[in-house]
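[1] My questions concern the predicted model and sequence given below.
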Amino acid sequence: MGAQKAHGVILRKYLLRETSYILVVYTREFGKIKGVLKGARNPAPQFAGNFEIFSLCQLLFYRRKKTSLDLITQCEALEFYLPARKQIERLTYANYFIELIDIICNENDPNRAIFGALVKSLRLLSSGASPKRTARIFELKLLEALGLSPGVQECVGCGRKSETGMSFSVSSGGTLCSGCAVKDPKSFPISAGTVNFIRRIQSSSFERTGHIKVSREVGVEIEKLLKAFLEFHVNRQSRSMDFVKHLEKAGMA
Ligand SMILES: [Zn+2]
């Protein structure tokens with residue numbers, strides 16, 4: 001097999017011996033791959049700054065039969081997301097994005113919608129958009145890419161359309177009417193603003209989501225809801241988000 005070309009976002013990197021790195025990359029073409037990049041610590045100009053985590057790179061690599069580690073021969077940064085590196089809150093969210101992708105995605109299981117959600121979220125995070133809102137958009141678009149979008153068009157229990165007094169059930173995967181909510185003790189009320197926000201994100205292309213405004217109350221509600229939803233449906237353990245909480249407590253974010 002000859003050299004493979006791919007575009008990918010670096011999720012993790014480890015030092016291997018003196019001069020090499022192991023890179024874990026989420027690629028558009030192959031999904032998550034893991035490979036050795038040799039000679040990378042030499043100060044050769046062609047490598048300088050080219051393999052930082054969450055940068056988008058162009059890769060050239062060889063698949064190896066006897067090991068799950070590919071051999072990466074080229075890794076050139078295409079997008080570096082500098083503004084997201086210069087501010088701690090944005091940096092924390094960028095780390096959260098790649099960590100979530102790393103936890104969720106298995107190797108060699110490509111999904112272009114996931115790749116698109118990741119790259120577009122990193123761009124949005126670097127554009128000056130609210131990092132929190134960007135994180136909610138990322139989570140919703142990621143769930144959509146996984147086929148796990150919360151159902152908010154009607155009651156997921158009975159299919160009835162109802163616009164008032166709705167509840168949300170994490171385990172049922174969406175909104176419940178008042179009749180169905182009484183049968184689910186873990187469901188909780190959800191505001192019309194939050195339902196609307198989710199609907200608007202779901203029905204908008206990524207490019208248009210940056211304009212969707214959100215009130216503080218909806219922001220708080222949607223953050224809690226998506227956290228619970230991701231934990232239940234995607235079973236994540238994210239250290240980055242604990243760090244965000246920590247910053248918030250310290251009044252820094
Ligand atoms: Zn119902």
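    Looks like it arrived, so ask away. As the structure is a computational prediction, the values presented were derived from the model and not from experiment.
[2] drop to CA atoms for contacts and neighbour counts, all remaining ones
    Noted.
[3] Closest residue of the stretch 1-150 of the chain to the ion?
    Closest residue of the stretch 1-150 of the chain to the ion, CA to the ion: P150 (15.0 Å).
[4] Let me know whether that residue touches G174 as I believe.
    Yes. P150 lies in contact with G174 (CA atoms under 8 Å); the separation is 4.9 Å.
[5] about what we covered before: can you give me phi and psi for the residue of the stretch 1-150 of the chain closest to the ion?
    P150 has phi and psi values of phi -60, psi 140 when expressed as degrees, to the nearest 10.
[6] If we go by neighbour counts, what in stretch 63-73 is buried?
    R63, L69, D70, L71, I72, T73 (16 or more other CA atoms under 10 Å).
[7] From L59, how far off is the nearest residue to the first one once chain neighbours are set aside?
    By that I understand R63. In this structure, R63 finds its nearest non-sequential neighbour in D70, 4.9 Å apart by CA to CA, 6 or more residues apart in numbering. For D70, the distance to L59 equals 11 Å [CA to CA, to the nearest Å].
[8] ditto for V36
    12 Å.
[9] again, but for G179
    54 Å.
[10] helix or strand for the nearest residue in space to I10 that is not next to it in sequence, which one?
    Nearest non-adjacent residue to I10, counting by CA to CA, 6+ apart: V25, 4.3 Å away. Assigned by DSSP states H and E, V25 belongs to strand 20-27.
[11] near the ion, which residues of the stretch 51-200 of the chain?
    Contact residues, the stretch 51-200 of the chain versus the ion (CA under 5 Å from the ion): C155, G157, C158, C177, C180.
[12] What subset of these is buried?
    Taking 16+ other CA under 10 Å as the criterion, what is buried in those is C155, G157, C177, C180.
[13] In CSV, could you pull the C-alpha coordinates for the host helix or strand of V119?
    Using DSSP H and E, V119 falls within helix 112-125. C-alpha atoms of helix 112-125 as CSV (Å, rounded to 0.1, in the frame of the first residue of the first chain):
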residue,chain,number,x,y,z
ARG,A,112,-17.2,13.4,7.7
ALA,A,113,-20.0,15.0,9.7
ILE,A,114,-18.0,14.6,12.9
PHE,A,115,-14.9,16.0,11.2
GLY,A,116,-16.9,18.9,9.9
ALA,A,117,-18.4,19.7,13.3
LEU,A,118,-14.9,19.7,14.9
VAL,A,119,-13.2,21.9,12.3
LYS,A,120,-16.1,24.3,12.1
SER,A,121,-16.3,24.6,15.9
LEU,A,122,-12.6,25.3,16.1
ARG,A,123,-13.0,28.0,13.5
LEU,A,124,-16.0,29.5,15.3
LEU,A,125,-14.0,29.4,18.6
